[in-house]
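> Provided below are the primary sequence and the corresponding predicted coordinates.
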Amino acid sequence: MHAVSKYDFRQFQNDLAAIDRQAEQSRVGADDGADRLAQAKVEFLALCDRYQLTVADVVAFFPEEEGIQYLQGLIADSINSAKRSR
């Protein structure tokens with residue numbers, strides 16, 4: 001039977017610690033939710049422009065219920081942005 005050396009266990013601990021450090025750095029460096037949402041919206045609109053997609057194309061991509069929710073979200077966002085601009 002092969003005995004596990006202390007180095008193997010230490011290396012395993014070091015690898016876990018490196019993963020923890022990387023995860024912590026990701027959390028610290030991550031944008032907040034609003035920034036991520038804004039970035040996603042910009043990327044989405046760029047795709048729509050690039051492929052000349054219409055709202056109907058986008059809605060057709062979703063199952064019917066999700067398409068309706070998407071449209072309701074667009075309407076709510078436009079109403080909220082109109083209220084904020086006043």
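Okay, I see it. For clarity, every value in this text was computed on a predicted model and none was experimentally measured. Numbering: from 1, shown residues only.
> And the residue nearest the centre of the chain, how far from Val42?
Averaging the C-alpha coordinates of the chain gives a centre point, and the residue nearest to it by C-alpha atoms, centre = their mean is Arg36 (6.5 Å). For Arg36, the distance to Val42 equals 11 Å [C-beta to C-beta, to the nearest Å]. No exception for glycine: its C-beta is placed from N, CA and C like everyone else's.
> circling back to that earlier point, quick check, pLDDT for the residue nearest to the centre of the chain.
For Arg36, the model assigns a pLDDT of 76.
> Repeat that for Gly73.
We have a pLDDT of 90 for Gly73.
> So what's the residue count around it?
The burial count assigned to Gly73 is 10, neighbours taken as other C-beta atoms under 10 Å.
> same thing with Leu71?
For Leu71, the count of nearby residues is 14 (other C-beta under 10 Å).
> who are the neighbours in contact with it?
With contacts defined as C-beta atoms under 8 Å, 6 or more residues apart in numbering, Leu71 is in contact with 55, 59.
> mind checking how far the helix or strand where Gln39 lies is from the chain centre?
With the criterion set as DSSP states H and E, the secondary-structure element containing Gln39 is helix 33-51. Using C-alpha atoms, centre = their mean, to the nearest Å, the distance from the centre of helix 33-51 to the centre of the chain it belongs to is 11 Å.
> and Val42, how many neighbours?
Under the neighbour criterion other C-beta under 10 Å, Val42 is assigned a count of 10.
> Next one: it from Phe12, what distance?
41 Å.
> Burial check on the closest residue to Ala60 other than its chain neighbours, number of neighbours?
Residue nearest to Ala60 in three dimensions, not counting chain neighbours: Gly67, with 7.1 Å by C-beta to C-beta, 6 or more residues apart in numbering. As a burial measure, the neighbour count of Gly67 was computed by other C-beta under 10 Å and equals 16.
> Backbone dihedrals for Gly67, please?
When quoted as degrees, to the nearest 10, the phi and psi of Gly67 stand at phi -60, psi -40.
> What pLDDT does the model give it?
Turning to Gly67, the model gives it a pLDDT of 82.
> Likewise for the one 3 residues further on?
The per-residue pLDDT reported for Tyr70 equals 84.
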